[in-house]
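Novice: model the structure of this input:
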Amino acid sequence: MLKKETTMRKPKSPEKVVMGVGWYRPEQWKLLRQISADVNELEKTHAEWLAIAEKAVKDLKRQGLSIIKVDVDVEELRNWCGRQGLPIDASARAQFISLETQKMVENQES
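Specialist: Purely as a prediction, here's the structure:
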């Protein structure tokens, strides 16, 4: 699941690659599973997901990537998917995280 929901973006300085990783709130994990079209692809518990996500972040940082943890509000994600006409699945979550990452990077650069 995590591999499908990370996004990479090259900022203005070409030597640094920034990757956004969706970071889900424990209290919203059950809701995410309830509304996701690909529920079988998601870990059953937030604790399971968190262990995988933390390991992935460590591995990516070791590879020299700059990681941005993107706080994902599941209600905001649901509303965004509704406006885009997208099912709530890995692809839509990745698109949402990519847009949020881009906003965060642009805010840091200005």
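
Novice: number of nearby residues for residue 81?
Specialist: 20 (other CB atoms under 10 Å). No exception for glycine: its C-beta is placed from N, CA and C like everyone else's.

Novice: show me what contacts residue 83?
Specialist: Shown in contact with residue 83 (CB atoms under 8 Å, 6 or more residues apart in numbering): no residues.

Novice: where does the prediction get shaky in this structure?
Specialist: 1-15 (pLDDT under 70).

Novice: report the distance from the longest helix seen in the chain to the chain centre.
Specialist: Criterion DSSP state H: the longest helix present in the chain is helix 90-109. With CA atoms, centre = their mean, to the nearest Å as the basis, helix 90-109 stands 8 Å off its chain's centre.

Novice: packing partners of that helix?
Specialist: Where contact means 3 or more CB pairs under 8 Å, 6 or more residues apart in numbering; DSSP states H and E, helix 90-109 is packed against strand 6-9, strand 18-24, strand 66-72, helix 74-84.

Novice: how many other residues sit next to the closest residue to residue 36 other than its chain neighbours?
Specialist: The spatially closest residue to residue 36, leaving aside those adjacent along the chain, is residue 88, at 5.0 Å (CB to CB, 6 or more residues apart in numbering). Residues within reach of residue 88, counting by other CB under 10 Å, total 21.

Novice: quick one: the one helix or strand residue 48 maps to to strand 18-24, angle?
Specialist: The secondary structure element spanning residue 48 is helix 46-62 (assigned by DSSP states H and E). Angle of helix 46-62 versus strand 18-24, following axes from the mean of the first three to the mean of the last three CA atoms, to 10 degrees, is 170 degrees.

Novice: same for helix 46-62, what does it pack against?
Specialist: Contacts defined by 3+ CB pairs under 8 Å, 6+ apart place helix 46-62 against strand 18-24, strand 66-72.

Novice: which of those sits most buried?
Specialist: strand 18-24 (a mean of 21; mean count of other CB atoms under 10 Å).
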